[in-house]
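Enquirer: This is a predicted model, with the sequence first.
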Amino acid sequence: YDLMDVSVFLEDNFDPKSWINENIKTKKNEDNGGESETVEQQSSSLFMKLQLSSLELSNSLEESCNSTLTSIPRCIREIEKAKVEASELKKKLDKFVETLSKMESNTFESLRFLSEIDGIKMRIESVFGALKEVEKVTKLQGTIESVFTTGDLGKIAEELSTMNHSLQVLKDVPEFKSQLKTIERYQERLEGLARPQLLQAFTSHDLETAHQFVNIFTKIDRTEQLRQIYYKTRLVPVEQFWETFEKSSTSFVKWLPTFYDEVLLLTSNESSWATAIFPNEQTVIQKLLIETFKSISSSFQKRIEGCIDSNHNHLNTNNTVENSIANRNNKPSLGNLIDLFDSTLNFSKSIRNLLQNKVSAVQVEEVMKSILEPFFKFQNEFSSLEKASLSIDLQPLKVAQQGFDETVAKIDTTFPRLFLLVESSINHCTQLTEGAEGQSLVQVLSEILSEWLEHILTLNQYLREMARLEIGTSTVPPSPTFSASYFDWSTVNSSLSLLQISNKITERMSSFERNLKMNLLEQKNVILKVLKGQSPRPLTMLYLKQSPAKESRLHTFFESLENVHSKLLSKPSNQLVSLATLVHSLVFDTIFSFIKERLNSVPQLDIWKLEPQVSTLMPTFSLSPSNYITQISEHLLTLPQQLEPFSADDSSLSFDPKSISNLNQILADNKDIQIHNPNDSDIYHSDREEGSESEAEKR
């Protein structure tokens, strides 16, 4: 019989009946193919299997118990042995911990002792090394002169390098401090011996020889002196070319671009050669350019000043002190300054492109600063130069006191030239300073325009005197055209022309101020970003880095431009308002001056000298009007004809008849005045007839 799987009896929900029925059923299904057994046979077989399994389990349990009982004494002995070993290990650990504690207490003293020993060792080694260096120095001092006599520059450099290294070790020893100056003299002596050959190598671009001297100067720690020699060698042809201008017949404005071409060519050629000579020095070309423009900066600035002086001639060597004094009031030639600046800007941009990706942005800016530095003075003084130029240009625009008509006509032809002049100043400011001098430019323009308008206001007073409107204070002799019986209408026409001119000046001033503000606002974003460090600084604004206070004022000024109600040229605008008012007064007074004169003559009539007659009769009246009334009437009737041409030319002087359609009604409300329509002829004739009858009765 096969043993049964007894693991099923270990289940918690084991049911004996179910298990028996299941096994019998399973056995029955297996026997369907052959002879089937009865239930009794199956039960007997199942019982037999259970007995065998029980017997097997009992035997196995007995063997396990016997084995366990046999191994228990052995396990007890092993446990006792482990306890003894653990106790011994604990004692060893306690002893080790005690030893560590003792060692820890003695560590500081031990380390201090070891440190002192190490210090002594290092000092002994240092003394030993110093003694060896002293031996070297002593030996080299005795042989250095003989090495110099050989003329072998490489060997001399090697000996000096060794001596210098030894002296650097002994530099704290008082006895050897003086030897440092001795080594410097030897280095200078070697440099003097090498200089002629080095200059020749740099001049002829002898790469192999130059490399040898670079190694020599590197050994004796004089690489900076080597670079200075290189810079001076390269500066010689540049300075020679710079001095050729003194013998040139070309103006400096036209000559400067050729100089820049020469420097650019030199820089391009030296860029690759200097890299081969100084492979670890990326800033050689940058420093060469800085040294180049530093050497000519002073004379460059003087030549710029000469170009600004419009009467300057660099070939004239006979200038005397008197001529210099006489030329102080010459007009500054800002055109020449801007041309020179534009040429320099173009050259600077070419150099910047050449240096990009080779040196840092800060180093590129240093080169740009050295190139443009001669112009910094003139950029800072832009407002003064512009004011001096405008002041001189303004003088021909000041109208001389002439006849009434000639003076007004001259004003009409000069004011457009004035605005062309001030508009050019805006372009000058943008080209030279990128608009950074906008605040000072506004002040200059305001002063120039105010000066011219003040002159026009003075002319207006002069015209009033010419028209005999200021008789009491007039110093102008009366014109023959102003007679008691004849009125010169040309004065009225000229005053009306002056009114038109005043309106044109006002319109032109408004347009100019608007354009000025727009130009400044266009530059505002660029300038404010630069001042806040949000964008690179344009070349035209490098000069501002030297004036932090000006940058602060500039920031405030451009922020104030945001106010739409702010006026940049407030003083000239106020003067224009005054001019318009005075010109209106001039027009009115010239028109009615004839009427005033006629009315002022009434008290001097002969009738006022007659004795009064006492009579109860009505006074007598003349049938024809008096002479002064006739003259006044003719003057008023002529006035519309004189005004008509101006009303067509200028909308400000136009006349709309509809605007006075209710004039009769307005005047009729006045009890002292009656206005009659000339078409009411019957009323006119009846009044005339009544007057005739009254006259007859008097006679």
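Expert: Now that the structure is in, tell me what you want to look at.
Enquirer: secondary structure class for Gly389?
Expert: Actually, residue 389 is Ser rather than Gly. helix (DSSP: H, G, I helix; E, B strand; the rest coil).
Enquirer: do His565 as well
Expert: Per three-state DSSP, His565 ends up coil.
Enquirer: ditto for Lys358
Expert: coil.
Enquirer: Pop out the phi and psi values for it.
Expert: phi -110, psi -40 (degrees, to the nearest 10).
Enquirer: repeat for the one 4 residues further on
Expert: Backbone torsions for Val362, taken as degrees, to the nearest 10, come to phi -60, psi -40.
Enquirer: count of residues packed around it?
Expert: Val362 has 7 neighbours, counted by other CB atoms under 10 Å. Yep, even glycine has a C-beta here, placed from its N, CA and C like the rest.
Enquirer: what is the mean pLDDT for the strand or helix carrying Lys90?
Expert: Per DSSP states H and E, Lys90 falls inside helix 39-105. What helix 39-105 shows for mean pLDDT is 84.
Enquirer: now do stretch 380-394
Expert: Mean predicted confidence for stretch 380-394 is 91.
Enquirer: For burial, what's the neighbour tally of Thr107?
Expert: 9.
Enquirer: try the one 4 residues further on
Expert: Around Leu111 sit 10 other residues, with neighbours defined as other CB under 10 Å.
Enquirer: For Asp118, see how far away it is.
Expert: Noted for Leu111: a distance of 10 Å to Asp118, by CB to CB, to the nearest Å.
Enquirer: just checking, Ile632 touches Asn600?
Expert: No: in this structure Ile632 lies outside contact range of Asn600 using CB atoms under 8 Å: 11.8 Å.
Enquirer: could you list every residue that touches the nearest residue to Gln379 once chain neighbours are set aside?
Expert: Distance criterion CB to CB, 6 or more residues apart in numbering; nearest residue to Gln379, sequence neighbours excluded, is Tyr543 at 4.6 Å. Residues near Tyr543 by CB atoms under 8 Å, 6 or more residues apart in numbering: 372, 375-376, 379-380, 433.
Enquirer: and the host helix or strand of Ser297, what other elements does it pack with?
Expert: Per DSSP H and E: Ser297 is located in helix 284-308. Counting contacts by 3 or more CB pairs under 8 Å, 6 or more residues apart in numbering; DSSP states H and E, helix 284-308 is packed against helix 223-243, helix 252-277, helix 334-355, helix 361-380.
Enquirer: Distance to Leu561 for these - can I get that in TSV?
Expert: Formatted as TSV, these follow (distance: least, CB to CB, whole Å):
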stretch	distance to Leu561
helix 223-243	43
helix 252-277	34
helix 334-355	25
helix 361-380	21
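Enquirer: Out of the ones you listed, which gets nearest to Val8?
Expert: Closest to Val8 of the helices and strands packed on helix 284-308 is helix 361-380 (CB to CB; 89.3 Å).
Enquirer: What residues of that closest one count as buried?
Expert: Going by neighbour count (16 or more other CB atoms under 10 Å), the buried part of helix 361-380 is 363-376, 378-380.
Enquirer: That helix packs against which elements?
Expert: Where contact means 3+ CB pairs under 8 Å, 6+ apart, helix 361-380 is packed against helix 284-308, helix 334-355, helix 404-433.
Enquirer: try 7 Å this time
Expert: helix 284-308, helix 334-355 (3 or more CB pairs under 7 Å, 6 or more residues apart in numbering; DSSP states H and E).
Enquirer: Next, the angle from it to helix 284-308.
Expert: Orientation of helix 361-380 against helix 284-308 (axes from the mean of the first three to the mean of the last three CA atoms, to 10 degrees) gives an angle of 10 degrees.
Enquirer: What values do phi and psi take at the residue nearest to Gln379?
Expert: Backbone torsions for Tyr543, taken as degrees, to the nearest 10, come to phi -70, psi -20.
Enquirer: which residue sits closest to Ser573 in space, ignoring its chain neighbours?
Expert: That would be Lys567: by CB to CB, 6+ apart, it lies 6.0 Å from Ser573.
Enquirer: Kindly reformat the helices and strands packed on helix 361-380 as CSV containing mean pLDDT and mean neighbour count.
Expert: What follows is the helices and strands packed on helix 361-380, written out as CSV (pLDDT from 0 to 100; neighbours: other CB atoms under 10 Å):
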stretch, mean pLDDT, mean neighbour count
helix 284-308, 89, 18
helix 334-355, 91, 18
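Enquirer: In CSV, list the ones you listed along with distance to Ser511.
Expert: Below are the helices and strands packed on helix 361-380 laid out as CSV (distance: least, CB to CB, whole Å):
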stretch, distance to Ser511
helix 284-308, 31
helix 334-355, 23
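Enquirer: Would you mind saying which of those lies nearest Trp19?
Expert: Trp19 lies closest, by CB to CB, to one member of these: helix 334-355, at 101.0 Å.
Enquirer: quick check: angle from that closest one to helix 361-380?
Expert: Going by the same axes, to 10 degrees, helix 334-355 is angled at 180 degrees with respect to helix 361-380.
Enquirer: ok, Ile632 and Asn600, which is more surrounded?
Expert: Using other CB under 10 Å, the more surrounded residue of Ile632 and Asn600 is Ile632, with 18 against 10.
Enquirer: The helix or strand where that one lies packs against which elements?
Expert: For Ile632, the element it lies in under DSSP H and E is helix 627-649. Counting contacts by 3+ CB pairs under 7 Å, 6+ apart, helix 627-649 is packed against helix 489-531, helix 570-600.
Enquirer: Following element in sequence after the first one, please.
Expert: As assigned by DSSP H and E, the chain's next helix or strand after helix 489-531 is helix 548-560.
Enquirer: now that following helix, how far from the centre of its chain.
Expert: 11 Å (CA atoms, centre = their mean, to the nearest Å).
Enquirer: could you measure Ala400 against Gln225, distance?
Expert: 69 Å.
Enquirer: of the two, who's got more company?
Expert: The neighbour count for Ala400 versus Gln225, taken as other CB under 10 Å, is higher for Gln225 (15 against 8).
Enquirer: Apart from its neighbours in sequence, what residue is nearest the more buried one?
Expert: Glu191 (6.3 Å).
Enquirer: Surely the one you found is in contact with Asp221?
Expert: No: the pair Glu191 / Asp221 is not scored as a contact, 11.4 Å apart, by CB atoms under 7 Å.
Enquirer: ok, the two, which is more surrounded?
Expert: It is Glu191, of Glu191 and Asp221, that has more neighbours when counted by other CB under 10 Å, with 18 against 15.
Enquirer: per-residue confidence for the more buried one?
Expert: Glu191 is given a pLDDT of 72.
Enquirer: host element of it?
Expert: Using DSSP H and E, Glu191 maps to helix 174-204.
Enquirer: The helix holding Lys90: how far from the chain's middle?
Expert: 93 Å.
Enquirer: for that helix, packing partners?
Expert: So helix 39-105, by 3+ CB pairs under 7 Å, 6+ apart, packs with helix 16-30.
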